[in-house]
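Student: Here's my sequence, what's the structure:
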Amino acid sequence: MMRRRSRSSLIVKEEAFYEAAIATTQISTKISLAHQNSVRNILPQNYDFTSNNHDNSDEMIRVAKIFLSKSCPVETGRSVLETIVSKSGREEDANDRLVKIGRNVSSTLRLSATVDNDQEKTDLSLDLLVSECEQLSDLLEQNSIPATKTFTTDSSKRLRVPKVRFGKTELQMPIVTLGSMRFQQTWNRGGKSVKVKSMEDVSLECQENLVSIIRHALRSGMNHIETAQMYGCSEIQIGAALKVLLESGEVERKELILQTKGAVSASMTQDQLRRQVLSQLQKLQVDYVDLYSFHGLNSAGDYDLLFHNHKLIEVLQQLRTEGKIRFIGFSTHGSSDTILRLIESDAFDYANLHYHWCGSYTCTGDGEYGGNLGNVVAMNARDMGVFAISAYDKGGMLYRPSHKLRSLTLPDMEPITYGSCWLWSHAEHTDISAKKGVHVHTIVCGAARPSDLDQPILAALQFGEQKQLLLERMTAVTTRLEHAVADALNTSQFPNWGRDWHAGLHNWPQSTSTGTMIGNIVWIYNVIHAYGMVDFGRERYNVLINNRKNWDVNKTMEGNVKAMGGGWAWMPGCAFDESLDYSKDAFWGQVGKAKRERVMEAMTFVHAICTTPDKDLTVVAIDTLDKTKKYKIVNDKRASHMPFEWKMAYDMRPWTAYPER
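Tutor: Below is the predicted model:
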C-alpha cells in the first residue's frame, strides 16, 4: 500500500536523510547545507555511489540502516529495518536490500543537489522510498511463513501479484513473471567455467540462491517460471529446485505455469527436435510444460524450418496431443515483418517479444509504428498471449537509469515501476487508429538474487491494490517524458520528430550494401537526448560495432549474414561508418534532404559518444534557433565532460550474477 505522509513526518524523514548522508566517514567532511532552514546536503561529485565494490556496499548498508531506523516507525513490535534484516532469509539477501536502499537515498541526494533543486520533490521522492520499504517489510513478513504450508494457504489474505487471462490459453498469468537466465551457475558455452552436466557440478551456494529466488517469487504470487535450453544449466537447477518444493508440499504442480524454450537449426530433423524437448522435460523433472516456445525465431529461414522445409511445427503439435506441451509459442529478436509473418501463421498461442515504453529493442525503427506495436495489435486480434521480454534490461536498463530519467519519473515512481505500469496499463493508454484495448498481458524479470524481484513485485502489488492512483501517477510521468522529448528533439523543421522520426527509415534488412541499423541508431540518439540514456545506448551500440568489424562491403548481404553466424540473428545490424556512401542506401531516396542530414548527424553523434572513453569525451550544449537543447561532441578539454543528467543514477546490481563470473 502506497502512503503519503504529513509534512511533520517529512521533517523527521529529512533529519534521517541528513544523518544517513553524514554517517559515512568518507563524505561527512564534505557535506554542506544548501538552505539554512532545510536539512539538504550536497554529496561530493567524486564519490561513486553506483560502484559495486565491497567498500561501497558497506557504506550504503550503513546509510540504509540509519535512514530506516529514523524514517520508518515501529509497527506491531518490529521496525521496518528489523523486518528487512530478519525476514530476508540469508544475510546476503538482507544486505542486498540495504545496499539498494542506500543507493536510492544517495542518488536522491545527488539529484536534488545537482539537478532538481526542489525541496518538495526531494521530500516526496524519499517518502516514496519509505512507503516502498514499509510494503517490502510487509511482504517479507508474509513470505517468512513455515515451509510446510503451501503457497496457496490463505491466498485471499496474502499480498500476491495480480493475475490476468493470458489470451486464448485461458491461463491465469501473473502480470510479472520469473525469468531464469541470470541465476544458473553457468551458460555451459565453453570458456574457463566448468560445464555443468548434473547437480553434482553445481555449487551449494548457487543452488541455495536459486531456490531462494524461486521461493520468494512463488510466495509473492509469481507462479510462472520461464527458462530455456540455451540458458546453460538453468533447466537442470530448476528441476532440482522444483523437486524439493513439490516433495515438501510447499507448492503443487497444478499451481505452477512452467515455460521452457528450445532453439531450432537448419540441420534439425523432426526426430531431433522431439528428443530435444523430451530431454528438456527430463532436466526439469516434470511430465509436461505448460508453455513451450520455439526460441529465437529471428529470420525468414526460421519460418521456413517450421512450416516448409522440415515442418518442425508438427513436432510440437504432436507433443501437445500427447500431453507433453499444453500451449505453443515463440520468442523472437527478429524484424517486425518477420514477427508479423509468424503471428499470421495462426500456429501459436502466445509470443515472447521486445516491446517497451521506450522502444522495441532490435526492431525499433521497423514497421508502420517504428517497432513491435503493430505486432502487439495483431496478436490481440488473434487473442494470443502477449509476453513482453526483458522489460527492465532491453526496456531501458531501468535497474541503472540515468539521473535525467529518474528525475523525470520521480517523485511519482521509480523507473522500474514506470516501465512496468506502462505495459500493464497498455490497453488503457494506447490509442491506435481509435483501437483501444490492446493488451500486454505479462512481463518478465530475470533475477540473479531474490532482491531483484522486490521492485517489480511491489509495483505489481500497487497496480493491483491502487490501480487508479498508479495510473494517475504514470500519466503524470508520461506527460513529463513527452515534454522531455519535445524539448530535446522537436524543432521547427521537424515539429513531430519525437513521434514520427522513424518514417522512411529502416534497419539492416533494407540496408543492402552497408548492413547499417539506421532506425536503431537514430532511436539511440533520441533516447540519449530525451532521457539521458547513454549507458543503455552504448550497450546496444557496442554489438553493432562488433558486427561492423566483421561486415565486408564487397560481399552480398546474404554472404555477410552467413559469415556472421547464428549470433547475427539475435543481435543484428552494423554500426555507422563515416567512410561508407549512404547515398546508395534505400532510405536516401525515401526521405528529403533535411531528414537525411539529421539522420546522418544523429548517427555521427551516436557513434562518437558510444566509442569515445569518458575521460576523452567532451559533450557541450549549443543553442539553436528553436530554443531546444542540442548537444555535440567537441575536442575541447576546457569544456565539461558528460552532462551530469546523462550519468548513471544508481546500479541496483551490487554483485556479479553467477553465469557472468
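Student: buried residues in the helix of greatest length in the chain?
Tutor: Ordering each helix of the chain by length in residues (DSSP state H) puts helix 119-143 first. By neighbour count on 16 or more other CB atoms under 10 Å, the buried set for helix 119-143 is 119, 121-143. C-beta coordinates here come from the backbone N, C-alpha and C atoms, glycine included.
Student: same deal with stretch 208-224?
Tutor: Neighbour counts over stretch 208-224 (16+ other CB under 10 Å) mark 209-224 as buried.
Student: again with stretch 645-661
Tutor: Neighbour-count burial for stretch 645-661 flags 645-655, 657-659 (criterion: 16+ other CB under 10 Å).
Student: Can you check the distance spanned by it, start to finish?
Tutor: With CA to CA, to the nearest Å applied, stretch 645-661 spans 31 Å between its terminal residues.
Student: How confident was the prediction at residue 609?
Tutor: What the model reports for residue 609 is a pLDDT of 91.
Student: Surely it forms part of a helix?
Tutor: Yes: Residue 609 sits within a helix when classified using DSSP: H, G, I helix; E, B strand; the rest coil.
Student: isn't it right next to residue 536, touching?
Tutor: No: in this structure, residue 609 is not within contact of residue 536 by CB atoms under 8 Å, at 12.0 Å.
Student: For stretch 231-241, which outside residues touch it?
Tutor: The contact list for stretch 231-241 (CB atoms under 8 Å, 6 or more residues apart in numbering) reads 180-181, 183-189, 196, 198-199, 201-202, 206-207, 210-211, 214, 225, 227-229, 260, 280, 283-286, 659.
Student: Those residues in strands, which ones?
Tutor: Those of the contacts of stretch 231-241 mapping onto strands are 225, 260, per DSSP state E.
Student: Of the contacts of stretch 231-241, select the buried ones using a PyMOL command.
Tutor: If you want just the buried ones from the contacts of stretch 231-241 in PyMOL, going by 16+ other CB under 10 Å, the selection is:
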select buried, resi 180+181+183+184+185+186+187+188+196+202+206+207+210+211+214+225+227+228+229+260+280+283+284+286+659
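Student: to the chain's geometric centre, what's the distance from stretch 398-412?
Tutor: Its chain's C-alpha centre lies 14 Å from the corresponding centre of stretch 398-412 when counted by CA atoms, centre = their mean, to the nearest Å.
Student: do the same with stretch 392-408
Tutor: Going by CA atoms, centre = their mean, the spacing between the C-alpha centre of stretch 392-408 and its chain's C-alpha centre is 9 Å.
Student: Repeat that for stretch 359-370.
Tutor: Per CA atoms, centre = their mean, the displacement of stretch 359-370 from the mean C-alpha position of its chain is 17 Å.
Student: Now do the same contact list for the residue most central in space within the chain.
Tutor: The centre of the chain sits closest to residue 392, judged by CA atoms, centre = their mean, with a distance of 1.3 Å. Residues counted as contacts of residue 392 (CB under 8 Å, 6+ apart) are 398, 399, 416, 419, 445, 446, 456.
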